[in-house]
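Student: predicted coordinates and the sequence they were generated for:
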Amino acid sequence: MVTHVSDGDTLWVRKAGVSAPFKVRLDGLDAPEICQDHGEASRQALASLVLKEVVVVQGRRRDNYGRLLARLSVHGDDVGSVLVAQGHAWSSQYRKNPGPYATEETHARAARRGLFARPGAVRPGDFRRRHGACA
């Protein structure tokens, strides 16, 4: 069950029968920083989907911060796909690979949903390079 949502792509999950929750970073997407435009809306969107819900976690690996990188599903829906389709995150890009949710991002951009409603939305990595991490 999801116990806490930190931002648009990071949450805490408690495994059944275990008291301590663990930190999960959604794999395949990149949500705005919490102090960035649309950051709080992205966090709220994730919370409305998963907070206090039982989720299926498909762990992939751990990142440099020790977080489990995972795909998540709730009620059979891929949480990452829903968030990107609603315009609350970007599909993760790596070099020339547009990422797993590229189609959802293309549709969200065309429909001007969420963070794509205004031109000039800045990817979180670019935001951090310009402004540093959120306090």
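Tutor: Structure received. Residues are numbered from 1 along each chain as shown.

Student: what are the phi and psi values at the residue nearest the centre of the chain?
Tutor: Geometric centre of the chain, nearest residue: residue 9, 2.7 Å, by CA atoms, centre = their mean. The phi/psi pair for residue 9 (degrees, to the nearest 10) reads phi -140, psi 10.

Student: so where do the strands sit in this structure?
Tutor: 2-7, 10-13, 22-26, 29-30, 56-62, 68-74, 77-78, 90-91 (DSSP state E).

Student: residue 16: what's it in contact with?
Tutor: Neighbouring residues of residue 16 by CB atoms under 8 Å, 6 or more residues apart in numbering: residue 1. Just so you know, the C-beta spots here come from the backbone N, C-alpha and C atoms, and that holds for glycine as well.

Student: mind giving me the packing neighbours of the worst-scoring helix or strand of the chain on mean pLDDT?
Tutor: Least confident helix or strand, the chain: helix 124-131 with a mean of 91, by mean pLDDT, DSSP states H and E. The helices and strands touching helix 124-131, judged by 3 or more CB pairs under 8 Å, 6 or more residues apart in numbering; DSSP states H and E, number zero.

Student: and it with strand 2-7, angle?
Tutor: 50 degrees (axes from the mean of the first three to the mean of the last three CA atoms, to 10 degrees).

Student: now do the top helix by length along the chain, average pLDDT.
Tutor: Counting by DSSP state H, the longest helix found in the chain is helix 39-50. Throughout helix 39-50, pLDDT has a mean value of 98.
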